[in-house]
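[1] Turn this into a structure:
(one chain, ligands or ions: 1)
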Amino acid sequence: MRPAAAISYTHVTKNFDRVVAVDDVSLDIAEGEFVAIVGSSGSGKTTLLRLTNRLIEMDGGTISVEGEDIGAVDPVALRRRIGYVFQSGGLFPHLSVADNIGITPKLLGVPAPEITARVDELLELVRLDRGAHRDRLPEALSGGQRQRIGVARALAARPRIVLMDEPFGALDPLTRDALGEDFRELHRKLGLTTVMITHDMTEAILLADRIAVMRGGKLLAQGTPAELARSDDAYVLELLRTPRRQVERLNTLLPRGGGA
Ligand SMILES: Nc1ncnc2c1ncn2[C@@H]1O[C@H](COP(=O)(O)OP(=O)(O)OP(=O)(O)O)[C@@H](O)[C@H]1O
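    Below is the predicted model:
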């Protein structure tokens, strides 16, 4: 028997007025899997993620998380079981780094000394120096540091599932690469199930086990990069052509055997 999916979407639909934001999407995400959702702006990626932890409610279909229909789970309890990393960190500007990271444990009534220890542990996990960062406000951090704090905050209540909405999109390429690699390692080390939205097919191929492609609210295709390459959908193939073209151009333009 196959193990229960960590997240299972069955015929999920969400409308906003006359827009069908998510249109009959069915997708299973296995425990421990890293899945990237790729698609252009407005294809329904964020809506699908927000339906998963009941930030918004669906109009049709079902979603189950760890075998439980989310309709039967209290939304607040559900959100504590699922970490969420927002596009640009989504940190509270008036709270220090430590208070941002510790906010969920605080709401859960964890005693202050335990929160302090957990914050330190999380800062270490996301590779930020505790002394230098604990008491800073988000405005005093770089974009990459803010995203690291966003990841630490999402992990504070020890979720087994993490949803990430274009977490590395606004970063310079080197920081983006480093953070992506670091998160992939955290995903492995902590045994997480991760769903990450990205516009960038190269990032999806490099980080995810499996890629789901959305367009106009529909799930067009899903599979490993090699499986997607065998798709007969023109849009999916076009998405895959971009990373290949980049590699070919880089191979032409960058002399091999140098520093790069
Ligand atoms: N709260 C809302 N009210 C009305 N329409 C909405 C709302 N949220 C999303 N939509 C619409 O639903 C569709 C899907 O939006 P969604 O944000 O899920 O796309 P996306 O793929 O995440 O886009 P992006 O990559 O730009 O974040 C879009 O047409 C959007 O305008």
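[2] Tell me who's in contact with S8.
    Residues in contact with S8 (C-beta atoms under 8 Å, 6 or more residues apart in numbering) are L27, D28, I29, T62, I63, S64. Glycine gets a C-beta too; all of them are placed from N, C-alpha and C.
[3] Give the helix, strand or coil label for it.
    strand (DSSP: H, G, I helix; E, B strand; the rest coil).
[4] out of the contacts of S8, which is most surrounded?
    I29 (23 neighbours; other C-beta atoms under 10 Å).
[5] Surely that residue touches V35?
    Yes: using C-beta atoms under 8 Å, I29 is in contact with V35, at 5.2 Å.
[6] what touches both of those two?
    Contacts common to I29 and V35, judged by C-beta under 8 Å, 6+ apart, are V195.
[7] Flag the shaky bits of the protein, pLDDT-wise.
    Within the chain, the ranges that satisfy pLDDT under 70 run 1-4, 257-260.
[8] Quick check: residues of it near the ligand?
    Contacts of the chain with the ligand, taken as C-beta under 6 Å from any ligand atom, map to F16, V19, A21, G39, S41, G42, S43, G44, K45, T46, T47.
[9] Farthest-apart pair in those residues, please.
    Distance extremes for those: the farthest pair is F16 and G39 at 16.7 Å, using C-beta to C-beta.
[10] Looking at those two, which one has more neighbours?
    Using other C-beta under 10 Å, the more surrounded residue of F16 and G39 is G39, with 23 against 11.
[11] ok, L240 touching R230?
    No: the criterion here is C-beta under 8 Å, and L240 misses it with R230 at 10.3 Å.
[12] The two: who's more crowded?
    More crowded of L240 and R230, by other C-beta under 10 Å: L240, with 21 against 10.
[13] gap between the more buried one and the ligand?
    Going from L240 to the ligand by C-beta to the nearest ligand atom, to the nearest Å gives 18 Å.
[14] Contact partners for that residue?
    L240 neighbours (C-beta under 8 Å, 6+ apart): M201, P225, L228, A229.
[15] how long is stretch 221-232 from one end to the other?
    End-to-end distance for stretch 221-232: 10 Å, by C-alpha to C-alpha, to the nearest Å.
[16] ok, residues contacting that stretch?
    Against stretch 221-232 from outside (C-beta under 8 Å, 6+ apart): L27, I205, D209, R210, I211, A212, V213, D233, V236, L237, L240.
[17] can you tell me which residues contact the second one?
    For I205, the contacting residues are I211, P225, P243, by C-beta under 8 Å, 6+ apart.
[18] Let's see stretch 132-151 as PDB, backbone CA atoms only.
    As requested, the backbone C-alpha atoms of stretch 132-151 are provided in PDB (Å, rounded to 0.1, in the frame of the first residue of the first chain):
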ATOM      1  CA  ALA A 132      24.500  40.000  15.500                       C
ATOM      2  CA  HIS A 133      20.800  39.400  14.600                       C
ATOM      3  CA  ARG A 134      18.600  38.600  17.600                       C
ATOM      4  CA  ASP A 135      17.700  42.200  18.500                       C
ATOM      5  CA  ARG A 136      17.700  43.800  15.000                       C
ATOM      6  CA  LEU A 137      14.500  45.000  13.300                       C
ATOM      7  CA  PRO A 138      13.700  43.600   9.900                       C
ATOM      8  CA  GLU A 139      14.500  47.000   8.200                       C
ATOM      9  CA  ALA A 140      18.100  46.600   9.300                       C
ATOM     10  CA  LEU A 141      18.500  43.300   7.400                       C
ATOM     11  CA  SER A 142      19.400  42.500   3.900                       C
ATOM     12  CA  GLY A 143      16.800  40.700   1.700                       C
ATOM     13  CA  GLY A 144      18.600  37.400   2.000                       C
ATOM     14  CA  GLN A 145      18.800  37.700   5.800                       C
ATOM     15  CA  ARG A 146      15.100  38.600   5.900                       C
ATOM     16  CA  GLN A 147      14.300  35.400   4.000                       C
ATOM     17  CA  ARG A 148      16.400  33.400   6.300                       C
ATOM     18  CA  ILE A 149      14.400  34.800   9.200                       C
ATOM     19  CA  GLY A 150      11.200  34.000   7.300                       C
ATOM     20  CA  VAL A 151      12.300  30.400   7.100                       C
END
